[in-house]
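Enquirer: Give me coordinates for this.
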Amino acid sequence: MARAAAGDREAFTEIVERYQSRVYNLALTLGVRQADAEDVAQDVFIRVFRGLGRLRGDAQFRTWLYQVTINVVRSHFAAARASPLVDVAHGEDDDAPAPEPAVEDPFARRLLDRQVIDRALGALPADWREAVTLRDVEGLSYKEIADLTGAPLGTVESRIFRARRQLRDTLRSLIGKQDRP
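Expert: Model (predicted):
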């Protein structure tokens, strides 16, 4: 971090290589379309590059990186809502059947599972999706999530509880639709 903050581009390249898949996947999990996730990740690392010099020595880089990612994702959605040409809902039809898996193919099964989970996450309110993703996917503590989102600790706990409950119900419903002939 210190080398990158001092302007060492090779050190910054190492940071990008180390964290780019996490930023990309976090953007996807927060609801960014796959077609836009690379652009969002690129914007994140541009902001990180510009802000490295301001990073406090005691601040955890990973937590700060997630804060930058959340801010870029929020900006992305705000811009998408302002543009009539962009479909924030990903163009998905909620009543469309889930794709049929090739059950014998483990890769296809995992891909289908990921699509079902992404669909369930996409049904959550944005603040619930942020909280549950940061907790259950990224492993942040409730306090870290509260600090990142600016929400009180009790609100974070409530969002995660409600998100998990809605995810459970949505996943049961979606999985039930897949199991029917």
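Enquirer: So what touches the host helix or strand of A4?
Expert: Assigned by DSSP states H and E, A4 belongs to helix 2-5. Contacts with helix 2-5, where a contact means CB atoms under 8 Å, 6 or more residues apart in numbering, come from 10-12, 14-15, 49, 52-53, 55. For the C-beta atoms, the positions are set from N, CA and C on the backbone; glycine is no exception.
Enquirer: Where does the prediction get shaky in this structure?
Expert: 56-59, 82-113, 177-181 (pLDDT under 70).
Enquirer: which residues of it fall in helices?
Expert: Along the chain, the stretches classed as helices by DSSP state H are 2-5, 9-29, 34-51, 61-82, 106-122, 126-132, 142-149, 153-179.
Enquirer: Adding mean neighbour count, write those out as JSON lines.
Expert: As requested, the helices of the chain are exported to JSON lines (neighbours: other CB atoms under 10 Å):
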{"stretch": "helix 2-5", "mean neighbour count": "15"}
{"stretch": "helix 9-29", "mean neighbour count": "16"}
{"stretch": "helix 34-51", "mean neighbour count": "16"}
{"stretch": "helix 61-82", "mean neighbour count": "17"}
{"stretch": "helix 106-122", "mean neighbour count": "15"}
{"stretch": "helix 126-132", "mean neighbour count": "21"}
{"stretch": "helix 142-149", "mean neighbour count": "18"}
{"stretch": "helix 153-179", "mean neighbour count": "15"}
